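# What would the 3D arrangement of this be:
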Amino acid sequence: MIREMVKIDNDKCDGCGLCVPNCHEGALQIIDGKARLISDLMCDGLGACIGHCPQGAITIEKREAMPYDEIKVLKDNIIPAGKNVLKAHLEHLHEHGETEYLNEALNFLKSENINIPDYKAVKLCSSGGCPGSAIKEIKRESDDSVNAETPSELTQWPVQLHLANPAATYFKNADLLVAADCTAFTIGNFHSKYLKGKKLVIACPKLDSNQDVYLRKIKALIDQAEINTLTVMIMEVPCCGGLVQLVKNAVNDSKRKVPVKLIIVGIEGVIKKNEWI
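Prediction:
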C-alpha cells in the first residue's frame, strides 16, 4: 500500500533536534548528528515535525510503507544507516511493545550474522518521543478481592486521537470506541459496560484543533487496521454532534465499511440513545 511518509534530506539536516519532540510517535531521533526516521511503523505521515525544521530538511513523500514489512525496513532503511540507528530501531520496537516485529527483526539479524546491539536500555524524552505518548499495550489481570479498586478496562496507551497511531498492532481487527472527552466522567459504568473489550480513542469536537487529522486517522483505522466495529459515544450537548459527523465522513470516505453504533449520554449520566446507525 502506498501512503505518505516522512523523508529527511541528510544534506540539509544539521541535527538541531527541533523536530524530535514534535513527533508524537517518537519515530524521529538524532543519531550520529542527523535526524533519523527509526520506524516506518510509528510514522503517521501527518508531518507535525515539518514546521519545526529550520533547514527545510523534512518533507512528505508517497511510498510503499503499508502493510508494514519489518524485514524490508531493516534492509532498505535501518541497517544501511549504521549500528546506532539499528540499536535505536530495536529499542523503539521494544519500548512500544511491538514484540512480533522485534522477534522478526532479531531472527533476521541472526540469520544474516549481523551483530545485535544491546537494545533494552530504552532512552525516553531526551532521545526522541515522550513516554507520555509512547504506544503501549496494557495487560489486565482480574482481581476479585473485596477491597480491590474498581478495575480499569483500558488496554492500550495513548488514547487521545491526535496521539493514536493506526499502525499499532493492538488496533488490528479491534472493536473501537471513539468517545467524546466528557463521556467517561459523566457515566459511572463507562469502563465496565462500554470500554470493556474495546480499544479507545478520545476527542473533543468543540475544543480540539486540526480535526482533519482526526478524519485521516479514523479512515486509517478502518482501512489499514481493519477495525471490526466502531462505536462513537458523545454527550447530548449540540457541540458533540461534530464527532458523529466526523466519524460518518470517515466511514463514507473509507474503502472498507464497518458497523457504526451511536451512544448519546445525558448530562445526568443516563443513556439517551444506543443504536446502530
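
# where's stretch 240-260 relative to the chain centroid, distance-wise?
Offset of stretch 240-260 from its chain centre (Cα atoms, centre = their mean, to the nearest Å): 19 Å.

# no, scratch that, I was asking about stretch 196-204
12 Å.

# Need the contact partners of it.
Stretch 196-204 is touched from outside by 153-156, 159-162, 164, 170-171, 174-182, 184, 211, 214, 217, 221, 227, 231, 243, with contacts defined as Cβ atoms under 8 Å, 6 or more residues apart in numbering. (Glycine included, C-beta is placed from N, CA and C.)

# worst-scoring helix or strand of the chain, pLDDT-wise?
strand 136-137 (a mean of 74; mean pLDDT, DSSP states H and E).

# ok, the closest residue to N210 other than its chain neighbours - contacts?
Excluding the flanking residues, the one nearest N210 by Cβ to Cβ, 6 or more residues apart in numbering is H162, at 7.4 Å. Counting by Cβ under 8 Å, 6+ apart, H162 makes contact with 24, 203, 208, 210, 213-214.

# Format these as TSV; extra columns: pLDDT and neighbour count.
Output for the contacts of H162, formatted as TSV (pLDDT from 0 to 100; neighbours: other Cβ atoms under 10 Å):
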residue	pLDDT	neighbour count
H24	58	22
A203	95	26
D208	85	17
N210	75	10
V213	82	16
Y214	90	23
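
# Give me the subset of those residues that lies in strands.
A203 (DSSP state E).

# and the contacts of H162 as CSV, adding distance to E112?
Below are these laid out as CSV (distance: Cβ to Cβ, whole Å):
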residue, distance to E112
H24, 32
A203, 43
D208, 45
N210, 42
V213, 38
Y214, 41
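
# I'd say E275 and I264 touch.
No - taking contacts as Cβ atoms under 8 Å, E275 lies outside contact range of I264: 9.2 Å.

# With neighbour numbers in mind, choose between those two.
I264 (21 against 8; other Cβ atoms under 10 Å).

# Surely that one forms part of a strand?
Yes - assessed with DSSP: H, G, I helix; E, B strand; the rest coil, I264 lies in a strand.

# Spell out which residues sit in contact with it, please.
Applying Cβ under 8 Å, 6+ apart to I264 gives the contacts 233-236, 271-274.

# Over to E112?
Counted by Cβ under 8 Å, 6+ apart, E112 has zero contacts.

# same thing with M233?
For M233, the contact set (Cβ under 8 Å, 6+ apart) comprises 177-180, 183, 194, 263-265.

# That one bridge partners, please.
Applying DSSP bridges to M233 yields these beta-bridge partners: A179, I263.

# In the protein, what residue spans correspond to strands?
Along the chain, the segments classed as strands by DSSP E run 2-8, 28-31, 34-37, 58-64, 136-137, 156-157, 175-180, 199-203, 229-235, 260-265, 271-276.

# Out of those strands, flag the one nearest I116.
Of all the strands of the chain, it is strand 28-31 that lies closest to I116, at 17.2 Å by Cβ to Cβ.

# Let me see the contact set for A174.
A174 makes contact with 198-199, 225, 227-228, according to Cβ under 8 Å, 6+ apart.

# one more time with 7 Å, if that's ok
With contacts defined as Cβ atoms under 7 Å, 6 or more residues apart in numbering, the neighbours of A174 are 199, 227-228.

# And I227, by the same measure?
I227 sits next to 171, 173-174, 176, 221, 258 when contact means Cβ under 7 Å, 6+ apart.

# ok, 10 Å please
The contact partners of I227, taken as Cβ atoms under 10 Å, 6 or more residues apart in numbering, are 166, 171-176, 198-199, 218, 220-221, 256, 258.
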